[in-house]
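# Next come a sequence and a model predicted from it.
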Amino acid sequence: MEKLKSVIPETLKLEISQSTIDELHSTCSSLLNFFQNLPLFHQMVRELTDPEKALCGKNKEAAMEAKAKGNECFSKGEYSTALHFYSQALRAAPSDVEDKEKNLVATLYLNRASTLHKLGFFLESLRDCSRALIVSPAYAKAWFRRAKANSSLCNYEDAIKDLTVSLKIETSLSGKKQIENELNMLLNKSRLSRAIEKPDDDSSDERLQMELKCVSTTTKGRGMTSFTDIPLASLIHKEDPYAAIILKNCRETHCAFCFNELPADTVPCFSCSIPLYCSLKCQVQAGGEDFSLCKDKYRLPQELSGDLEQYTKNVTSPDISSSSIEHAAEHKHECQGMHWPAVLPSDVVLAGRILVKHIEKQSCGGVDSKINRILDLCENYGKLSYETKLEFHVYSIILLCCLQRFYASKLPLNSAITSEIIMLLSRIRVNSMAIVRMNHPDGRQNLDYNATSSVEQVQVAQAVYSRGSLFNHSCLPNVHAYFLSRTLFMRATEHVTAGSELELSYGPQVGQWDCSERLKYLEDRYSFICQCSGCSQLNFSDLVHTGFRCSKPNCSGVVLESCVAKYEKEKLKHFKGPDSLQQYMLKDDNIGRVARHLFDQNDYNRCFEPGHCLSCGSFLDILASQKTIAKAEIHVRRLQEAVASGEIATDLVVDALKSIDILRTVMHPFNKRIAEVEDIIAQAFCSIGEFQAALKHCRASIEILEKLYGENHIVIGNELIKLASIQLSNGLKSGADNTSRTVAIFSRYYGSHADNIFPHLRYLRREASTLQ
């Protein structure tokens, strides 16, 4: 795409870079005319859309090659490698190809099922057997293998039924004898069957507890409020996306529809090799196709008994047909092996999904035909950078050409449609949400600080929620957003009175970054200058977040560098005078302790002088302090690298302890970096078995973070998990108290979904119960 942009004339680039919304028709028309006469453009479109040049289609030869490698590894006992090759083969295998008179896809599912069974993945093996039977119901070996998987799961009744079906289908005498022997062994076992373990109910059917309304605000446009008071932890909003797309870097690790982590038994797309799914249901929901067209050739015999006939029907024809799915088949138009969905940026492919959904809904009637009416959301075209405007123009034309194969009559290649796609991309840029997953232990492993030390949110997908996008941002939010599968949930994290605006964080929060960093991020990413209470009013966290210690002994004041002081000084403009500032500061003793000097000032211009203590006015050489910090940080980084590698030498810990003592002499006691270093040292002590020292530094880190975020913030919940893990693993009863506090915080943010978001909580509760 860079090559295509590089040949656009500079005069046209300039016209695009300076364009407004009203000039889009003109700039799009000019660029379209230029591209229509450009061989490079037509070559690129052909490469992206021509089925003959498709790079992501099915390929029998590639599937057979991967299958052969899988067979070789299986025969050598290299089951993990065999699993990889069988999955690779399934991704490439066409659905209508046979191998030794058996459907190739069914054979591959069966081979992988055998491999999964060898690896101890019995449930995954069972699912693959069922998938083989959906494709080929009369596959005797698949019924036999399914019985083995059911037997390993202690589902003896189902295993006996599987063997009975296999016995009726099998034609060879040796095969029948083997099945009979297995059947006799199962009949001698207990007839009590244990149901397959199912994940705990995710409580996603929890009902909304109040009615919300969209209102106009004085500074933020539209926003959301409630008609009634909202109690703490109430679920206030639940919504499926209008459209969603998995990020490119997560295609191999997360399901392309529900965005959950992929299991060992991945399911490929029916018609192309791009996406992977966690189940057939997700595959059908995304692609709208299944293997039902393949099974006519492999029908079961008719002489099965009534109960057995129903049983086989339940296995081979599960209720996953696209007709029973509420979601639009969002991947269907991207299929047939064309690789433009794999090449174009995620937000551009997402725009394509939104357009296609609109067209499909329009064909059913009752939907405005104009594209610009798809999403009634804000846009920021006028604030886009020159480079982004150019990219949107180019990608809109390319996307329109890619969609021509299916929707040429609905999406003609002209400047009007192109300009509307540009506006759609602009809306996606400022309204789409990042669907995230928590990186955390699975709840089955032993308590370990190292396992819980890197709790973080990982972005896996991008989605547009038409209603959820109406919630405005605040760096001090009263709403927390999270995801189960692709469904957005929002929950009140504090008591909210009727009529008060409901605000969530678009990323940065008070405590996470200082005010200057938050403002820059929000303006760069969302094109607005944040005026929330966290960015317009003085708060303790922003004052000390990156602050320095006063040079005067025993003074608790904070010293700010010029960048931070500039933004904190701006906040004073919101006060009517010294009296109102002092009244505000009296409400927060913490501000008074670190910035007492503000009480004595009548002239705002003299407040927040860089390098001067906000409590006593003493001067600090910030440059010298920064040099001292840089030297100390060298030893901290070395320890951090050692912790990551698992090879921690004693001298590294000693040097880091000296470094944090140095940092404490120049940084303010509540500087966030000190908390981060305390955490690194705690993790190091845990790794070498010095748990008492680890506890000391873990507590020190939490004490700082509580000041920055507040005692009930979810960040504190994550940190308490570390502390409770150390305490419980050492049999300390204090671990039970911290577990209770952790559960309370997670319930505040996730309600009944807390255990699903962070399964490790269950393990903590079990361990805590043994100490009470």
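On my side now, so go ahead.

# what sits against Pro708?
Pro isn't right for residue 708; it's Leu. Residues near Leu708 by Cβ atoms under 8 Å, 6 or more residues apart in numbering: 510-511, 541, 544-545, 670, 672, 675. C-beta: built from backbone N, CA, C; applies to glycine.

# List the buried residues in stretch 96-103.
For stretch 96-103, the neighbour count (16 or more other Cβ atoms under 10 Å) marks 99, 102-103 as buried.

# next helix or strand past the lowest-mean-pLDDT helix or strand in the chain?
Each helix and strand of the chain was given a mean pLDDT (mean pLDDT, DSSP states H and E); the minimum falls on helix 449-452 at a mean of 51. Scanning forward in sequence from helix 449-452 by DSSP states H and E, the next helix or strand is strand 456-464.

# Adjacent strands (with direction) for that following strand?
Here strand 456-464 is paired, per DSSP bridges, with strand 243-246 (antiparallel), strand 433-439 (antiparallel).

# Give me whichever of the ones you listed is most buried.
Sort these by mean neighbour count, taking mean count of other Cβ atoms under 10 Å, and strand 243-246 sits at the top with a mean of 26.

# Show residues contacting the next helix or strand after that strand.
Downstream of strand 243-246, the first helix or strand assigned by DSSP H and E is strand 267-268. Applying Cβ under 8 Å, 6+ apart, the contact partners of strand 267-268 are 90-91, 131, 275-280, 282-283.

# Which one of the strands paired with strand 456-464 has the poorest average confidence?
Sorting these by mean pLDDT places strand 433-439 lowest, at a mean of 88.

# nearest spatial neighbour of the most centrally placed residue in the chain, skipping sequence neighbours?
With distances taken as Cα atoms, centre = their mean, Val436 lies nearest the centre of the chain, 2.0 Å away. Nearest residue to Val436 in three dimensions, chain neighbours excluded: Gln457, at 4.2 Å (Cβ to Cβ, 6 or more residues apart in numbering).

# For the one you found, give me its contacts.
Residues near Gln457 by Cβ under 8 Å, 6+ apart: 436-439.

# possible to save these as TSV with distance to Lys60?
TSV is the format used below for the contacts of Gln457 (distance: Cβ to Cβ, whole Å):
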residue	distance to Lys60
Val436	39
Arg437	35
Met438	40
Asn439	38
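
# Just give me the closest of these to Lys361.
Val436 (28.1 Å; Cβ to Cβ).

# tell me which residues form a beta bridge with that closest one?
Bridge pairing for Val436 (DSSP bridges) gives the partners Gln459.

# Give the helix, strand or coil label for the residue nearest to Ser474 when sequence neighbours are not counted.
Closest residue in space to Ser474, ignoring its immediate chain neighbours: Glu503 at 3.6 Å, by Cβ to Cβ, 6+ apart. Secondary structure, DSSP: H, G, I helix; E, B strand; the rest coil: Glu503 is strand.

# Wait, Glu503 touches Pro477, no?
Yes - the pair Glu503 and Pro477 qualifies as a contact (Cβ atoms under 8 Å) at a distance of 5.2 Å.

# need the contact list for Phe144.
For Phe144, counting by Cβ under 8 Å, 6+ apart, the contacting residues are 162-163, 166, 170, 178-179, 182.

# how about the helices of the stretch 601-750 of the chain, start to end?
622-645, 650-666, 672-687, 691-709, 714-729, 734-750 (DSSP state H, counting those that start in this stretch).

# Compute the inter-axis angle for the last one and helix 714-729.
So the one you mean is helix 734-750. Interaxial angle of helix 734-750 relative to helix 714-729 (axes from the mean of the first three to the mean of the last three Cα atoms, to 10 degrees): 150 degrees.

# quick one: helix 734-750 to helix 691-709, angle?
Computed with the same axes, to 10 degrees, the direction of helix 734-750 lies at 30 degrees from that of helix 691-709.

# Does anything pack onto the next helix or strand after helix 734-750? Which helices or strands?
Reading on from helix 734-750 to the C-terminus, the next helix or strand found by DSSP H and E is helix 754-757. Judged by 3 or more Cβ pairs under 8 Å, 6 or more residues apart in numbering; DSSP states H and E, helix 754-757 is in contact with strand 479-484, helix 734-750, helix 760-769.

# Give the buried residues for the helix or strand where Ser114 lies.
Ser114 is part of helix 104-118, with elements assigned from DSSP H and E. If you call a residue buried by 16+ other Cβ under 10 Å, then helix 104-118 has these buried ones: 104-117.

# How far does that helix sit from its chain's centre?
30 Å (Cα atoms, centre = their mean, to the nearest Å).

# can you dump the C-alpha coordinates of it into PDB?
Written as PDB, here are the backbone C-alpha positions of helix 104-118 (Å, rounded to 0.1, in the frame of the first residue of the first chain):
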ATOM      1  CA  LEU A 104     -10.200 -35.800   4.100                       C
ATOM      2  CA  VAL A 105     -11.500 -33.400   6.700                       C
ATOM      3  CA  ALA A 106     -13.200 -36.200   8.600                       C
ATOM      4  CA  THR A 107     -10.000 -38.200   8.500                       C
ATOM      5  CA  LEU A 108      -7.900 -35.300   9.800                       C
ATOM      6  CA  TYR A 109     -10.300 -34.600  12.700                       C
ATOM      7  CA  LEU A 110     -10.100 -38.300  13.600                       C
ATOM      8  CA  ASN A 111      -6.300 -38.300  13.400                       C
ATOM      9  CA  ARG A 112      -6.100 -35.200  15.600                       C
ATOM     10  CA  ALA A 113      -8.600 -36.800  18.000                       C
ATOM     11  CA  SER A 114      -6.300 -39.700  18.400                       C
ATOM     12  CA  THR A 115      -3.400 -37.300  19.100                       C
ATOM     13  CA  LEU A 116      -5.300 -35.300  21.600                       C
ATOM     14  CA  HIS A 117      -6.300 -38.500  23.400                       C
ATOM     15  CA  LYS A 118      -2.600 -39.500  23.600                       C
END
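
# Now do the helices in the stretch 301-450 of the chain.
306-316, 340-343, 346-363, 386-407, 415-431, 449-452.

# residues in contact with Leu764?
Leu764 sits next to 447, 721, 724-725, 728, 739, 742-743 when contact means Cβ under 8 Å, 6+ apart.

# where's it relative to Arg741, distance?
Separation of Leu764 from Arg741 (Cβ to Cβ, to the nearest Å): 11 Å.

# do Leu126 as well
40 Å.

# Between those two, point out the one with more neighbours.
More neighbours surround Leu126 than the other of Leu126 and Arg741, with 27 against 17 (other Cβ atoms under 10 Å).

# so which strand or helix has the nearest residue to the more buried one once chain neighbours are set aside?
Once flanking residues are discounted, Leu126 sits nearest to Ala149: 3.9 Å by Cβ to Cβ, 6+ apart. Element membership of Ala149 [criterion: DSSP H and E] is helix 140-152.

# any idea of the mean pLDDT in that helix?
95.

# Run the angle between that helix and helix 104-118 for me.
Taking the same axes, to 10 degrees, one finds that helix 140-152 is oriented at 30 degrees with respect to helix 104-118.

# What lies in contact with the next helix or strand after helix 140-152?
Downstream of helix 140-152, the first helix or strand assigned by DSSP H and E is helix 156-169. Helix 156-169 has contacts (Cβ under 8 Å, 6+ apart) with 138-141, 143-144, 146-148, 150-151, 176, 179-180, 182-183, 186-187, 189-193, 300-301, 303-304, 308, 311-312.
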